[in-house]
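K.L.:
any chance you can model this:
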Amino acid sequence: MKPVTQYVQEIWQAKEGLPQNSVQAIVQTGDGYVWLGTQDGLARFDGVRFTVFNKENTAQIKHNSIRSLRETSDGCLWIGTHAGLCRYKNGEWISDGASEGLASESVTSICEAADGRLWIGTWGGGLVCLENGSLKRYAAAEGLSNDFILAVHEDRTGNIWVGTYGGGLNRLKDEQFTVYTTEDGLSHDRICSVIEDRTGNIWIGTRSGGLNLFRDGRFTTYTTKDGLSNDSVWSLFEDAAGVLWIGTYGGGLNRFEGTRFTAFTAAQGLSDDFVWSINEDREGGLWIGTGSGGLNRLQDGKFIAYTTRDGLVHDVAWSLFEDAEDNLWIGTRGGGLSRYAGGEWTSFTTENNLPNNFVEAIYGDAEGAVWFGTDGGGLSRFKNGEWLNFTTEQGLSHNAVSAIFCDRQGALWVGTKGGGLNRFKDGIFTRYTTADGLSNDIVRAICEDAEGNLWVGTYGGGLNRFAGGEWTNYTTRDGLSDNHLYSIYLDEEKAMWICTKGGGLNRFKDGKFTAYTTADGLFHDTPYKALEDFQGNLWLSSTKGVFCVSKQELNEFADGKRTKITSKAFDTEDGMKSAECNGGTQSAGVRLRDGRLCFPTIKGAAIVNPGDLKVNHSPPPVVVEKVIVDKREIDLNSQKIVVPPGEGDLEFQYTSLSFRSPGKIQFKYKLEGYDREWTDAATRRAAFYTKVPPGEYRFLVTACNGDGVWNETGASVSFTLQPHFYQTKSFYSLCAAAAGGVAIAAYKRRVSQMKTREEELVELVEKRTAQLAESNRSLAEANRALQQLSVVDSLTGIANRRRFDEVLETEWRRAMRSGAFLSLILIDVDFFKAYNDFYGHQTGDA
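P.N.:
So this is what the prediction gives:
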């Protein structure tokens with residue numbers, strides 16, 4: 001059976017949304033929600049977020065201390081509070097007279113009998129039976145040994161077992177009580193819990209008397225003397241596998257494995273050692289409510305992790321190696337070295353001859369020796385329980401060792417951080433540095449191909465091949481995506497897989513590099529180490545977790561047969577104690593002989609067995625929790641949802657009720673009547689729309705689990721958005737009619753305006769025509785006057801020289817044509833100007 005510390009553990013407290021850190025009751029209802037009763041309200045949990053109900057927001061809850069929870073066969077959730085009982089069904093809170101009858105009492109336990117009756121244990125009010133809406137009380141007068149009850153349980157034969165706090169154990173059969181106390185072999189009369197296991201045994205948890213088993217009329221007691229962590233047993237639960245879990249008051253959680261107890265306490269990671277309540281969900285998750293540490297969940301994961309709680313010397317694991325005897329060696333950063341052999345841990349530090357507690361490289365040679373490279377302490381060999389150390393004093397080029405490899409000829413190759421590469425053979429170190437052709441003196445990885453060529457990965461100088469005593473360098477100039485290499489892996493198909501800093505994964509085959517990055521579907525661009533499983537996948541570590549990629553997909557991508565690859569990532573939800581892996585050294589991961597893969601992280605060594613991984617074929621259930629329209633929440637229980645006129649701003653809150661890796665559940669949604677395509681929401685659990693017009697719509701949402709299995713049905717909600725009056729057809733018809741009337745009036749007005757304008761234009765034209773005629777007449781008169789002035793002197797009225805020339809020219813031509821004589825008579829006017837000047841122009845003109 002897997003150690004409890006190896007389960008995937010999650011913790012939720014008030015800072016994550018839990019109303020209060022005392023979880024007194026836990027139940028999973030048929031719809032998939034987990035309900036939690038705390039001292040400050042009731043919480044409904046979907047694996048990601050809490051919805052809180054209390055007396056401040058729910059009138060039916062009379063007290064915020066929720067002591068007990070039970071879902072009955074009719075789907076009703078009964079809630080026992082410090083002030084009575086209430087119930088919840090199909091999204092509605094229900095009040096009835098029977099519940100009111102318990103209003104003044106603290107309800108500590110609720111049990112539904114096979115016949116449908118509800119048995120209710122109270123603190124001080126005895127036992128109450130609710131049947132057909134009426135209450136019947138059992139107290140001392142009816143034979144009950146004590147009225148202070150913490151546990152009520154019905155066994156397979158119909159007996160009602162009642163655990164009282166001071167009165168021992170009571171069994172009700174045929175309306176008669178049988179009382180068992182310490183006088184009958186019970187270890188203590190203060191009973192905190194009672195259950196029946198699958199074989200019919202009755203288990204009783206007591207306040208200080210340990211655990212009791214009642215079988216065949218006899219009690220058997222288990223206490224701390226038998227391995228129980230604490231003698232106050234507050235809660236009991238049997239899981240689906242038949243394992244009994246015991247919650248104690250001060251000793252944490254115990255698992256009973258038939259003959260022995262295993263404790264899981266605060267020292268191992270439980271949030272609090274007072275375990276108040278325990279339950280199991282339908283996916284096998286174990287839920288643990290604590291007194292002051294909130295809620296814990298334990299779940300079987302894909303990974304296990306070895307940490308200091310399991311025996312590892314230090315949590316920051318740095319290097320890994322499996323020796324010839326199947327022992328696992330784990331080098332840590334600062335804590336030394338651990339060896340896991342046969343279920344036992346052995347630690348090695350500087351106190352027992354390890355030269356340095358920073359162990360970055362581990363490798364084994366053919367002679368059974370294990371070699372260790374330290375960061376500052378040089379190289380060490382461990383064989384037959386003895387250590388032999390090598391430093392620069394013995395010829396090593398540098399004391400910071402990051403890679404170790406043993407070739408087929410038995411030579412040990414040692415890569416250093418700044419001192420290049422060393423070959424150790426027959427007690428002699430031979431150095432290879434940049435002066436000898438190595439591209440960079442920081443060596444991160446070493447391997448050998450089938451031809452015996454040595455390949456060396458450097459941090460800053462790319463890839464090197466050493467063959468026949470010659471170095472060949474491969475860098476970004478040759479197609480490598482980045483020159484800073486973390487590790488190299490050579491597979492059986494002679495393909496070399498190279499992990500780089502920021503350049504993703506590279507494949508080097510047939511002299512050609514192919515790079516894979518996040519743009520192509522790789523999960524992370526800085527993988528530290530690549531390991532191949534037996535199923536044909538490459539597993540790579542990174543600071544964000546471990547991920548695997550199909551090697552077939554990688555090769556098809558390199559061959560141009562596909563444009564994307566698919567990565568499947570694993571993190572703390574899968575069992576890793578931390579998703580942050582360590583790398584940059586030769587030994588940052590190892591495949592064990594049984595096929596398991598091991599990676600170093602900042603919280604121990606994470607181990608996965610790819611051959612054991614099973615696809616979760618169960619589609620995650622989906623539910624629409626809320627619809628908010630224009631900031632008002634809509635009642636989803638209505639048969640027909642009709643939303644009054646508004647702005648059309650919509651919000652849909654949905655979720656998936658799967659608790660197995662809930663953070664990896666992906667969603668997509670669509671608003672039918674509005675969206676043409678589905679919207680990929682990734683892990684977001686809400687959808688938003690603005691300004692959606694009136695109409696009939698259907699919101700659909702579906703989800704897929706971490707293994708890519710989709711819920712094909714999903715969830716949906718249909719609704720109608722009513723229009724404002726101005727958005728209705730009637731309004732549009734009125735608008736159309738009004739628009740028609742306006743158009744006719746506008747037309748008539750336009751015609752009238754055009755006619756008036758036409759008349760104005762005609763009048764204007766006539767006026768302008770008259771003005772033009774007058775202008776033409778005046779112009780003609782002016783032209784005649786100008787013509788006269790051009791040939792007659794304005795003072796004398798006698799024809800001027802121009803007129804004389806014109807007449808002379810005309811007469812001359814006529815004389816020429818007729819051959820007649822031309823006579824010219826001249827008149828003396830020489831003294832005319834002088835006459836005017838002397839007598840004045842008026843006299844001269846006269």
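K.L.:
please count neighbours and contacts with C-alpha atoms only from this point.
P.N.:
Fine.
K.L.:
nearest residue to residue 333 in space, please, no chain neighbours.
P.N.:
residue 358 (4.5 Å; CA to CA, 6 or more residues apart in numbering).
K.L.:
that neighbour contacts residue 338, doesn't it?
P.N.:
No - using CA atoms under 8 Å, residue 358 is not in contact with residue 338, being 11.9 Å away.
K.L.:
the residue nearest to residue 333: what's it in contact with?
P.N.:
For residue 358, the contacting residues are 331, 332, 333, 334, 335, 336, 374, 375, 376, by CA atoms under 8 Å, 6 or more residues apart in numbering.
K.L.:
for stretch 551-564, buried residues please.
P.N.:
For stretch 551-564, the neighbour count (16 or more other CA atoms under 10 Å) marks 551, 553, 554, 555, 557, 558, 564 as buried.
K.L.:
please disregard the earlier target; I meant stretch 693-710.
P.N.:
Counting neighbours by 16+ other CA under 10 Å, stretch 693-710 gives 693-694, 697, 699-706, 708-710 as buried.
K.L.:
and for stretch 218-230?
P.N.:
Buried residues in stretch 218-230 (16+ other CA under 10 Å): 219, 221, 222, 223, 228, 229, 230.
K.L.:
need the buried residues of stretch 551-564 in CSV with pLDDT, distance to residue 122 and secondary structure, can you?
P.N.:
Below are the buried residues of stretch 551-564 laid out as CSV (pLDDT from 0 to 100; distance: CA to CA, whole Å; DSSP: H, G, I helix; E, B strand; the rest coil):
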residue, pLDDT, distance to residue 122, secondary structure
551, 98, 62, helix
553, 98, 63, helix
554, 98, 64, helix
555, 98, 68, helix
557, 98, 67, helix
558, 97, 70, helix
564, 97, 62, coil
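K.L.:
which one of those residues is nearest residue 52?
P.N.:
Of all those, residue 52 sits closest to residue 564, with 43.4 Å by CA to CA.
K.L.:
which neighbours do residue 358 and residue 338 have in common?
P.N.:
residue 331.
K.L.:
can you count the residues close to the nearest residue to residue 88 once chain neighbours are set aside?
P.N.:
Leaving out its chain neighbours, the residue that sits closest to residue 88 by CA to CA, 6+ apart is residue 77, at 5.1 Å. If you count neighbours by other CA atoms under 10 Å, residue 77 ends up with 22.
K.L.:
ok, residue 77 touching residue 71?
P.N.:
Yes - counting by CA under 8 Å, residue 77 does reach residue 71; the two are 4.3 Å apart.
K.L.:
overlap of the contact sets of these two?
P.N.:
residue 29.
K.L.:
I'd like to know how many residues surround the residue nearest to residue 504 when sequence neighbours are not counted.
P.N.:
Nearest residue to residue 504, sequence neighbours excluded (CA to CA, 6+ apart): residue 525, at 4.0 Å. Counted with other CA under 10 Å, the neighbours of residue 525 add up to 19.
K.L.:
tell me what the helix or strand harbouring residue 697 is packed against?
P.N.:
Per DSSP states H and E, residue 697 falls inside strand 695-704. When contacts are defined as 3 or more CA pairs under 8 Å, 6 or more residues apart in numbering; DSSP states H and E, strand 695-704 sits against strand 622-629, strand 666-672, strand 715-721.
K.L.:
mean pLDDT added to those, as JSON lines?
P.N.:
As requested, the helices and strands packed on strand 695-704 are exported to JSON lines (pLDDT from 0 to 100):
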{"stretch": "strand 622-629", "mean pLDDT": "96"}
{"stretch": "strand 666-672", "mean pLDDT": "98"}
{"stretch": "strand 715-721", "mean pLDDT": "96"}
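K.L.:
of those strands, which approaches residue 6 most closely?
P.N.:
Closest approach to residue 6 among the helices and strands packed on strand 695-704 is made by strand 666-672 (26.7 Å; CA to CA).
K.L.:
now whatever helix or strand comes next after that closest one - C-alpha only, CSV.
P.N.:
Counting by DSSP H and E, the element after strand 666-672 in chain order, helix or strand, is strand 679-682. Output in CSV follows, covering the C-alpha atoms of strand 679-682 (Å, rounded to 0.1, in the frame of the first residue of the first chain):
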residue,chain,number,x,y,z
THR,A,679,-15.3,29.9,-28.0
ASP,A,680,-12.2,28.2,-26.4
ALA,A,681,-12.3,29.3,-22.8
ALA,A,682,-9.2,27.3,-21.6
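K.L.:
give me the mean pLDDT for strand 679-682.
P.N.:
In this model, strand 679-682 carries a mean pLDDT of 97.
K.L.:
and it, what other elements does it pack with?
P.N.:
Helices and strands touching strand 679-682, as assessed by 3+ CA pairs under 8 Å, 6+ apart, comprise strand 666-672.
K.L.:
residues in contact with residue 361?
P.N.:
Neighbouring residues of residue 361 by CA under 8 Å, 6+ apart: 319-320, 331, 371-374, 401-404, 585-587.
K.L.:
so which helix or strand takes in it?
P.N.:
Per DSSP H and E: residue 361 is located in strand 359-364.
K.L.:
buried stuff in that strand?
P.N.:
Using 16+ other CA under 10 Å as the test for burial, strand 359-364 gives 359, 360, 361, 362, 363, 364.
K.L.:
model confidence for the closest residue to residue 122 other than its chain neighbours, exactly?
P.N.:
Residue nearest to residue 122 in three dimensions, not counting chain neighbours: residue 107, with 4.5 Å by CA to CA, 6+ apart. Looking at residue 107, its pLDDT reads 96.
K.L.:
gap between residue 107 and residue 24?
P.N.:
12 Å (CA to CA, to the nearest Å).
K.L.:
so what sits against both of these two?
P.N.:
Jointly contacting residue 107 and residue 24 under the rule CA under 8 Å, 6+ apart are 67, 68.
K.L.:
the two: who's more crowded?
P.N.:
Set residue 107 next to residue 24 and count neighbours by other CA under 10 Å: residue 107 wins out with 30 against 26.
K.L.:
pretty sure that one contacts residue 81?
P.N.:
Yes - assessed by CA under 8 Å, residue 107 is found in contact with residue 81 at 5.6 Å.
K.L.:
quick check: neighbours shared by the two?
P.N.:
Contacts common to residue 107 and residue 81, judged by CA under 8 Å, 6+ apart, are 67, 68.
K.L.:
just give the closest residue to residue 579, not the sequence neighbours.
P.N.:
Distances taken as CA to CA, 6+ apart put residue 545 closest to residue 579, at 4.2 Å, once the chain neighbours are dropped.
K.L.:
and the end-to-end length of stretch 105-119?
P.N.:
Using CA to CA, first and last residues of stretch 105-119 are 14 Å apart.
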